[in-house]
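Novice: Have a look; sequence and predicted model below, questions after that.
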Amino acid sequence: MGFIDFVFLSITGVIFFINLLLLILSLKSADDEVERKRYKKTYVPVITLCVIAFILYVAVVSIGNIVI
C-alpha cells in the first residue's frame with residue numbers, strides 16, 4: 001500500500017467514523033423528531049459519500065490487481 005493510499009484511507013476513515021459518532025450521539029441526545037430529521041440530513045450524506053469512496057477505492061485496487 002502506497003503513501004497516497006494510506007493518506008486517502010486515513011482521511012476518509014477519520015471523516016467516516018467522526019460523522020458516525022456524531023450522528024449516534026446527536027440521535028441519542030435529540031428529544032423531538034424534528035431534531036432527529038435535521039441530524040440525519042446533516043450526517044447521513046457524508047457517511048454515504050465515505051462508504052462510496054471506500055467501495056470505489058476497493059474496486060479500483062481490485063481492477064488494478066487483475067490488470068497487472
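Specialist: Cool, got the structure.
Novice: tell me what the helix or strand where V60 lies is packed against?
Specialist: V60 is part of helix 33-67 when elements are defined by DSSP states H and E. Packed against helix 33-67 by the contact rule (3 or more C-beta pairs under 8 Å, 6 or more residues apart in numbering; DSSP states H and E) you find helix 3-29. Using the backbone N, CA and C atoms, a C-beta is placed for each residue, glycine as well.
Novice: Show me which positions of the helix it packs on end up buried.
Specialist: For helix 3-29, burial by neighbour count (16 or more other C-beta atoms under 10 Å) applies to 12, 16, 19, 23, 26.
Novice: want to try a markdown table for the residues you listed, with pLDDT as columns?
Specialist: Converted to a markdown table, the buried residues of helix 3-29 look like this (pLDDT from 0 to 100):
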| residue | pLDDT |
| --- | --- |
| T12 | 89 |
| F16 | 92 |
| N19 | 90 |
| L23 | 90 |
| S26 | 88 |
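Novice: Tabulate these in CSV, adding columns for distance to I63.
Specialist: Output for the buried residues of helix 3-29, formatted as CSV (distance: C-beta to C-beta, whole Å):
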residue, distance to I63
T12, 19
F16, 23
N19, 28
L23, 32
S26, 37
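Novice: how about those, which pair is most distant?
Specialist: For the buried residues of helix 3-29, the maximum inter-member distance is 21.0 Å, found between T12 and S26 (C-beta to C-beta).
Novice: re the thing from before, and the helix holding V60, what's its mean pLDDT?
Specialist: Averaging pLDDT along helix 33-67 yields 86.
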